[in-house]
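Undergrad: Compute the structure for the input listed below.
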Amino acid sequence: MARVHVGRFGPVRAACPPLDDEALRRLPKAHLHLHLVGSMRRTTLAEWCERDGRALPSLDLGSGGWARFHSLYEAASASVRNAADLCRLVDELVEDQARDGARWVEITADPGNYRGRIGTPDAVMQLLLDAGRQAGARHGVEVAWVVCANRSRPAADALELARLAEAHAGTEVVGFGLANDERAAPTGAFVAAFDVARDAGLVSVPHAGELCGPASVREAVDLLGAERIGHGVRALEEPAVLELLRSRGVTLEVCPTSNLALGVYEAAWAASHRERGGGAPGRSAAGRGRAGVPQRRRPLAVRRRPARRVPLCPSWPRVGRHRSGGVGGGVDHRRLLLVVVAAAPAGRARRLARGLRQSARAAVDSSAA
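TA: Numbers count the residues shown, from 1 in each chain. Okay, the predicted model is just below:
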């Protein structure tokens, strides 16, 4: 029989039977690591490439590492040509997330990416906010935004974006991030931008600890005041950094599909023989030469099923199960729901919590039946 924990927002069911794919899809979720361009539908990319007379890039990431991953992302980004494209991209993203059971999404976007094509960063930000509100109302999803600086561009651009995010703090803009190649520029170059964003009450959510090691995770916390970190998995290589994350209460947005595509870890499908008694999981060939990762647990399995999106931001049901039958490799979905409620603006938190609680109970009861 399931236990019930009475928390701040009412009773939350603490134990549930294993969920099948459909029940998992219905379970309410928060998607906190969702890149706007990386969530583009494959069919949309193909349509826009045909419209613009460009060849459709190969969507097989294979073992191409960062270079292949980045080239595909840039090709998808270049296909967004006008305001109508951008609004369609937002609407399709939110529709897909609603289909996967998301109730709260934080979309990461760089408004400066469309300068000269669509408009100024400020104009693009307003366009995104309006598109997000319309899509959220249409599909029943709360839409928030993380303004994201590009590590491959000058620090002055990041500061401009931080001031843009500051100007929109208190709307659906809830965070400020930093993405692209972690090796492109030192973390310290972006301290001023993150100071502006944090002073405005925005959550600090930089990427770190994927292409670079645990030192990048420590810098994200110590220099940028990170409250959440995109990826951060290579903190596993340094126990002191893991302790830092624990002591500061920093949440990691773990994205196994990205880790596999970039060769940070070996492919999950190659781990199947180890489930039958083979060796411990290790780093991929692309990842060798770095400090070894302590292998205390099996990696999450990622199912190889046809994807409807450009393979950069996976859908929820594609995150597999451990052999024990636990959902999402032992992820505690109750804590995830409480995290997103805590991050929501005060006026929406209780309404969001109530909807999450009711939907979660219905999904669990349906699965138990």
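Undergrad: What is the burial count for the closest residue to Gly249 other than its chain neighbours?
TA: Distance criterion C-beta to C-beta, 6 or more residues apart in numbering; nearest residue to Gly249, sequence neighbours excluded, is Glu227 at 8.0 Å. Placement of C-beta: from N, CA and C, glycine included. Neighbours of Glu227 under the rule other C-beta atoms under 10 Å: 18.
Undergrad: Hmm, Ser204 and Glu227 touching each other?
TA: Yes - between Glu227 and Ser204 there is a contact at 5.4 Å, judged by C-beta atoms under 8 Å.
Undergrad: follow-up on the earlier one: contacting residues for the residue nearest to Gly249?
TA: Shown in contact with Glu227 (C-beta atoms under 8 Å, 6 or more residues apart in numbering): 203-205, 249-251.
Undergrad: For Ala46, state which of those residues is nearest.
TA: When the contacts of Glu227 are ranked by distance to Ala46 (C-beta to C-beta), Val205 comes first, at 31.1 Å.
Undergrad: now for the helix or strand harbouring Arg25, which elements pack on it?
TA: Arg25 is part of helix 21-26 when elements are defined by DSSP states H and E. Applying 3 or more C-beta pairs under 8 Å, 6 or more residues apart in numbering; DSSP states H and E, one finds that helix 21-26 makes contact with helix 346-368.
Undergrad: any idea how far His207 lies from Gly170?
TA: Taking C-beta to C-beta, to the nearest Å as the measure, His207 falls 25 Å from Gly170.
Undergrad: out of the two, which sits in the more crowded spot?
TA: Set His207 next to Gly170 and count neighbours by other C-beta under 10 Å: His207 wins out with 27 against 12.
Undergrad: Over to that one. Which of the three states is it?
TA: Put simply, His207 is strand when judged by DSSP: H, G, I helix; E, B strand; the rest coil.
Undergrad: mind checking the SS state of the residue nearest to it when sequence neighbours are not counted?
TA: Excluding the flanking residues, the one nearest His207 by C-beta to C-beta, 6+ apart is Gly230, at 3.7 Å. Secondary structure state of Gly230, per three-state DSSP, is strand.
Undergrad: roughly how far apart are Gly230 and Ala144?
TA: From Gly230 across to Ala144, the span is 15 Å (C-beta to C-beta).
Undergrad: Kindly report the same for Gly177.
TA: Gly177 is 12 Å from Ala144, by C-beta to C-beta.
Undergrad: Give me the more crowded residue out of these two.
TA: Between Gly177 and Ala144, counted using other C-beta under 10 Å, Gly177 has the larger neighbour count: 29 against 23.
Undergrad: Do you know the pLDDT at that one?
TA: pLDDT for Gly177: 97.
Undergrad: How about the one 4 residues further on?
TA: The predicted local confidence for Asp181 comes out at a pLDDT of 90.
Undergrad: wait, what's in contact with it?
TA: Asp181 sits in contact with 66, 70, 151-152, 211, where contact means C-beta under 8 Å, 6+ apart.
Undergrad: before we move on, what about Asn150?
TA: 110, 112-113, 157-158, 178-180.
Undergrad: please redo it, this time with the cut-off set to 6 Å
TA: 110, 180 (C-beta atoms under 6 Å, 6 or more residues apart in numbering).
Undergrad: Tell me the spacing between it and Ser247.
TA: Counting by C-beta to C-beta, the gap from Asn150 to Ser247 is 30 Å.
Undergrad: I'd guessed Leu202 sits against Gly175; true?
TA: Yes - taking contacts as C-beta atoms under 6 Å, Leu202 lies within contact range of Gly175: 5.4 Å.
Undergrad: what's the first-to-last distance across stretch 201-220?
TA: End-to-end span of stretch 201-220 (C-alpha to C-alpha, to the nearest Å): 17 Å.
Undergrad: again with stretch 206-217
TA: 9 Å.
Undergrad: ok, now stretch 196-209?
TA: First residue to last in stretch 196-209 (C-alpha to C-alpha) measures 23 Å.
Undergrad: Okay, now the unreliable bits of this protein?
TA: Applying pLDDT under 70 to the chain flags the ranges 1-19, 61-64, 266-369.
Undergrad: Pull out the buried residues from the helix or strand hosting Ala137.
TA: For Ala137, the enclosing helix or strand under DSSP H and E is helix 121-139. Neighbour counts over helix 121-139 (16 or more other C-beta atoms under 10 Å) mark 121, 124-125, 127-129, 131-132, 135-136, 139 as buried.
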